[in-house]
Structure formats: structure tokens, C-alpha cells
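**Student:** here's a sequence, model it:
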Amino acid sequence: MIKTTTSGIGMYRWKICAMLFLATTINFVDRQVLGILAPQLQKEFSWSDSQYGFIVSSFQAAYAIGFLFMGHLLDKIGTRLGSMIAIGFWSAATMMHALVSSLFGFAGVRFLLGLGEAGNFPSALKAVSEWFPRKERALATGIFVSGASIGAIVAPLTVPFIAIHYGWQMTFIVTGAIGFIWILFWMRMYKSPQDHPSLSKEELEYITSDPVEPQIKIPWLQLLRYRQTWAFAFGTFMTHPIFSFFLFFLPKFFYSNYEIGIDKIGPILMVIYLMSDVGSIFGGWASSALIKRGWSINKSRKTTMLISALCVVPVYFAAEATELWLAIGLIGLALAAHSAWSANLFTLTTDMFPRQVVGSVVGIGSMLGAVGGMFAATIGGFLLQTTGSYVSLFLFAGCAYLIAFTGIHILSPKLKSITLDKII
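**Tutor:** Here you go, the predicted model:
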């Protein structure tokens, strides 16, 4: 059992972390519904692989646009209100899927979904920077990021049942409605630590135990001048598309290679995303544990990220694996490593930037990650339609993290916090 608190100081910050975990779970349930229903919807609406790739790309394009302004909006209006707006918007967009039936109709609602869902990670990371000292941030991030894997598990266990018994439209209505329930609890629970009536004096002192950050205002465009911004952005650009590819194309991969239909895909995806979930929490815990042992932030984060990058490499062999469970194991290992990587990658923003601009930095980097995902979806759909093979896609997935790690280390060799007099 991972120890998540220091004795006697209180645990309210972990309740906030639980809410962030639930929001991320809902986020990935909502975006995963289309991927699970893809074989059925492709048959019903006669979509080609490239047309399906176009629908996925519309989500990724909006995701990129949403990140561009959502992080900045969060820094302006605050975490509490910003999170409510984001999840309310994407939940409504999810429900709107039930109203469309054309290719461009699906592309349109996926675009709206992407705009709203872009708010989840910037708001969650901003909340972590407000509620956790640095030594616990990677663990807290790992926990809420694990919601992505839980969402990807919940969806295949529930969506097929709803779709088979009540129709595919009802799956979007049910999953979309859950977000509005989350909002009711969030608005009652969340305030800044300094203003929260349920927070003990001891826990507040622990949360604010890091050195006081300078209260500086950095224009959004000026953030582009820092090497640290581009280190995070390069990492997301290279690796965000990999998880998006697996999220949207895994049901199609197992259907094409092993004839696994919608009625049997649930247990397979559950195993894969459970492995991813373990990787997320372990990756966050590992670097936090190394820091508590006296390692520097730079050494602990990068050691964990390098090990994670190496663990993704074998996924290449899953593309042509003849044994189903070998493919499942290799993909599961890759997604576990991705989640461990992401827990630390996102935490880098709280290591290198003052909390008042964390949302903007996450927005900038994640915007580029979504752009990468958009290209990956478009190119992936084209390659599948023309070659009928996943080999080239899995090859890129296996190499992407080592390339990303190298770029991050070159751009920010010591993960130094930004100072206004040290810019590019």
C-alpha cells in the first residue's frame, strides 16, 4: 500500500486528488465511446478507415485549439470555475453525439468534445500545484492521470452492454450525463487551500511548506521564450499521439487482427488499461520516493522517464504477434510505461514554473501534443487503408519516447525553475 500522507496533518488534499481522478476517468470514458463503437458505426454508416481517421482528427484538432486558450483561461478565472466550465461543456458535447448520423455531424460533435476535454489536464495540474507540495506532486499527478486508464477500462465494460440493449445513442447520453453529477460535488468541495474551511492548520502548513514562489505575471506569449516550455511541449508532441492512437484504434486493431468484436473486447481492454493504471501510480510514486530519498528533482524525474521510455520499445513486436495474449501483454506494457512517463512529464510543469502559469504552460504543450495526435490519426487512418498493416504505426510508437526524452534533456538538462532574466 502506497503511503500518501504524513501522520497527523490531515488528508483533505487527497479528497481533492480523488475528484481530479474521477474527472479524468469521466473524460476518458466520454472520448473512448466512439472508439469502442467504431466497428459497429463503420458498418452502419459505411465509413472507410480514412473517414474514421477524419472524425478522430476533428477531435484532435479541437483538442489542440482548446488547449491553446483553456490553460490561459484557467489561470485567469481559477481552477474551481474553470474545471466546472470544461466538464460541463464536454459532457453536453458527449450527449450531442446521439443527435447526429452523418460523417460531418460526427466530426462536428467530436470537435466540440475536443474543445471541452482540453480543460481537464490543465485544470487538474493547476489544482495539484495549489494543493500539494513538490515532493507529493508526482504521486498526486500519477493518481489522477490513472483515471485515464480507469476510464478506458470502464468504457468497454459498460458501453457494449448499453449499446446492445438500448442502442448506441443511449451510450452517449448516459456517459455524458455523469459529468454533470461530478460538477455538483466539485462546486461544494473545491476552494483554494487558504480559503478552505475543512482544511486543518497543520495540513495547510504542509501544503505551503515549499519556498514561497515569486508573485510574477508572465504574459502568455512570453512563456514561448523559455526553453522549459519547449521541453514540456516537445515531450507531449512526441508521446501524446501514442496514447491517442491506442485509445481510438485498439478496438479496430483487435477486430482486424484477431476478429475480436464489440461483445468480446471488454476484458481485453480491461487487462491492458489495468496495466496502464498500475504504471501511472507507480511512475508517480517512484520519482516522489526518489526525491524523498534525497535525489534531485532532475535525477529522479528523468530516471523514471528513461526507464519508462525503454519499456515502450518492445510494443513494435505486437503489430504482427501471432498470439493474442502476447500482443495484449506488449501493448499493456507500453501503456503502463506511457502512464508512468506522463505522470512525470506533466509534473515537470510544476517543477519548472510558478503555479500561476502552470495552466498556460500545460495548455501550450498539450496543444502541440494534440496537433501531433491529429496528424497521427489522419496518417494512421491513411496507412491502414492503403497498407492494411499496423507495423509502421507500432514502430513509431516504440521509438517516440526515447526521442522525446532526448529532446527534453537537451532543452532542459537540469529542469531549472524559470527566472525572468534567463530566457532564450
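**Student:** and the helices in the stretch 301-424 of the chain?
**Tutor:** 324-352, 358-387, 391-411 (DSSP state H, counting those that start in this stretch).
**Student:** scratch that, the stretch 51-200 of the chain
**Tutor:** 79-96, 103-117, 120-131, 134-166, 168-189.
**Student:** by contact count, what packs against the first one?
**Tutor:** To tie it back to what came earlier, the one meant is helix 79-96. helix 12-45, helix 49-77, helix 103-117, helix 120-131, helix 168-189 (3 or more C-beta pairs under 8 Å, 6 or more residues apart in numbering; DSSP states H and E). Every residue, glycine included, has its C-beta placed from N, CA and C.
**Student:** what's the least confident stretch among the ones you listed?
**Tutor:** Lowest mean pLDDT within these: helix 49-77, a mean of 80.
**Student:** between helix 358-387 and that one, find me the angle.
**Tutor:** Counting by axes from the mean of the first three to the mean of the last three C-alpha atoms, to 10 degrees, helix 49-77 lies at 180 degrees to helix 358-387.
**Student:** return the list of helices and strands in contact with helix 49-77.
**Tutor:** Under the contact criterion of 3+ C-beta pairs under 8 Å, 6+ apart, helix 49-77 touches helix 12-45, helix 79-96, helix 103-117, helix 120-131, helix 227-258, helix 358-387.
**Student:** check the helices of the stretch 301-424 of the chain for me: which has the lowest mean pLDDT.
**Tutor:** helix 358-387 - the lowest mean pLDDT of the helices of the stretch 301-424 of the chain, at a mean of 79.
**Student:** still on that earlier bit, can you redo the helices and strands packed on helix 79-96 as CSV with distance to Gly380 and mean neighbour count?
**Tutor:** Shown next, in CSV, are the helices and strands packed on helix 79-96 (distance: least, C-beta to C-beta, whole Å; neighbours: other C-beta atoms under 10 Å):
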stretch, distance to Gly380, mean neighbour count
helix 12-45, 12, 21
helix 49-77, 6, 23
helix 103-117, 16, 22
helix 120-131, 22, 28
helix 168-189, 23, 17
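**Student:** could you dump those to CSV with distance to Leu306?
**Tutor:** Below are those laid out as CSV (distance: least, C-beta to C-beta, whole Å):
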stretch, distance to Leu306
helix 12-45, 25
helix 49-77, 26
helix 103-117, 29
helix 120-131, 22
helix 168-189, 35
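**Student:** so which of those helices is nearest Met84?
**Tutor:** Each of the helices and strands packed on helix 79-96 has some distance to Met84 by C-beta to C-beta; the shortest is helix 168-189, at 5.4 Å.
**Student:** ok, and what's touching that closest one?
**Tutor:** 15-16, 19, 22-23, 26, 29-30, 33, 37, 40-41, 80, 83-84, 87-88, 90-98, 155, 159, 162-163 (C-beta atoms under 8 Å, 6 or more residues apart in numbering).
**Student:** between the helices of the stretch 51-200 of the chain, which gets nearest to Gly388?
**Tutor:** helix 103-117 (21.9 Å).
**Student:** and the angle for the closest one with helix 12-45?
**Tutor:** Computed by the same axes, to 10 degrees, the angle between helix 103-117 and helix 12-45 is 170 degrees.
**Student:** which helices and strands does helix 103-117 pack with?
**Tutor:** Applying 3+ C-beta pairs under 8 Å, 6+ apart, we find helix 103-117 packed against helix 12-45, helix 49-77, helix 79-96.
**Student:** JSON lines please, covering the ones you listed and showing distance to Phe405.
**Tutor:** Compiled in JSON lines, these are given as follows (distance: least, C-beta to C-beta, whole Å):
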{"stretch": "helix 12-45", "distance to Phe405": "24"}
{"stretch": "helix 49-77", "distance to Phe405": "22"}
{"stretch": "helix 79-96", "distance to Phe405": "30"}
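**Student:** what about the ones you listed, which gets the closest to Lys135?
**Tutor:** helix 12-45 (12.6 Å).
**Student:** elements contacting the closest one?
**Tutor:** helix 49-77, helix 79-96, helix 103-117, helix 120-131, helix 134-166, helix 168-189, helix 201-207, helix 227-258.
**Student:** out of those, which is closest to Ser287?
**Tutor:** Nearest of the helices and strands packed on helix 12-45 (C-beta to C-beta): helix 134-166, 4.7 Å.
**Student:** quick one: closest of the helices and strands packed on helix 103-117 to Phe246.
**Tutor:** That would be helix 12-45 among these, by C-beta to C-beta, at 9.3 Å.
**Student:** tilt between that closest one and helix 134-166?
**Tutor:** Using the same axes, to 10 degrees: helix 12-45 against helix 134-166 is 30 degrees.
**Student:** quick one: helix 12-45 to chain centroid distance?
**Tutor:** Relative to its parent chain, helix 12-45 has a centroid offset of 11 Å by C-alpha atoms, centre = their mean, to the nearest Å.
**Student:** over to stretch 168-183?
**Tutor:** 20 Å.
**Student:** quick one: contacts for the residue lying closest to Phe245 once chain neighbours are set aside?
**Tutor:** Nearest residue to Phe245 in three dimensions, chain neighbours excluded: Ala376, at 5.4 Å (C-beta to C-beta, 6 or more residues apart in numbering). Contact analysis of Ala376 by C-beta under 8 Å, 6+ apart lists 60, 241-242, 244-245.
**Student:** from Ile408, how far out is Ala376?
**Tutor:** Separation of Ala376 from Ile408 (C-beta to C-beta, to the nearest Å): 19 Å.
**Student:** Leu41 now?
**Tutor:** For Leu41, the distance to Ile408 - C-beta to C-beta - is 38 Å.
**Student:** likewise for Thr25?
**Tutor:** Separation of Thr25 from Ile408 (C-beta to C-beta) stands at 28 Å.
**Student:** so which helix or strand takes in Ile9?
**Tutor:** In the assignment (DSSP states H and E), Ile9 maps to no helix and no strand.
**Student:** which of the residues in stretch 284-300 are buried?
**Tutor:** Neighbour-count burial for stretch 284-300 flags 284-291, 297-298, 300 (criterion: 16 or more other C-beta atoms under 10 Å).
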